[in-house]
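Colleague: turn this into a structure:
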Amino acid sequence: MSDSKFNGIVILDAVPKGELNTAIRLKEEIEDIACYSTAGLQVRYIRAENIESLETGISNILDEIKRNGLLPWIHLDGHGLTDESGFVLADRSQCSWRKLKELITPL
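Modeller: Residues are numbered from 1 along each chain as shown. Okay, here's the model as predicted:
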């Protein structure tokens, strides 16, 4: 078993507008759980509308890790590309898995 420890969950929401947004529902459910049964669990939400908003959101999380000791699990909610090379951002632009790896590795 792993000795990993976490105190937060970061939800990356790349679900396009007009679709059932399971990322928002997940955020709300986890926030409810955190209020009643998991004291101290922090929930962060990043709307990945485009690559710039994804980069900014991840940069903000990195700052929070450094300043406040956030130890997050990361959850990505969206659609993968049919060629499996990456995923679709909310504005329907593309992000490669390689680019996502570059962004989240410092976390």
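
Colleague: now the longest helix along the chain: buried residues?
Modeller: Taking DSSP state H as the criterion, the chain has its longest helix at helix 51-68. Residues of helix 51-68 classed as buried: I51, S53, L54, E55, G57, I58, I61, E64, I65 (neighbour count, 16 or more other C-beta atoms under 10 Å). To be clear about C-beta, it is placed using only N, CA and C from the backbone, and glycine gets the same treatment.

Colleague: residue contacts, P16?
Modeller: Applying C-beta atoms under 8 Å, 6 or more residues apart in numbering, we find P16 in contact with H79, V88, A90, D91, R92.

Colleague: show me the strands in this structure, by range?
Modeller: For the chain, the strands defined by DSSP state E occupy 8-13, 42-47, 72-77, 79-80, 86-88, 94-96.

Colleague: just checking, what packs against the shortest one?
Modeller: Going back to what we said before, that points to strand 79-80. strand 86-88 (3 or more C-beta pairs under 8 Å, 6 or more residues apart in numbering; DSSP states H and E).
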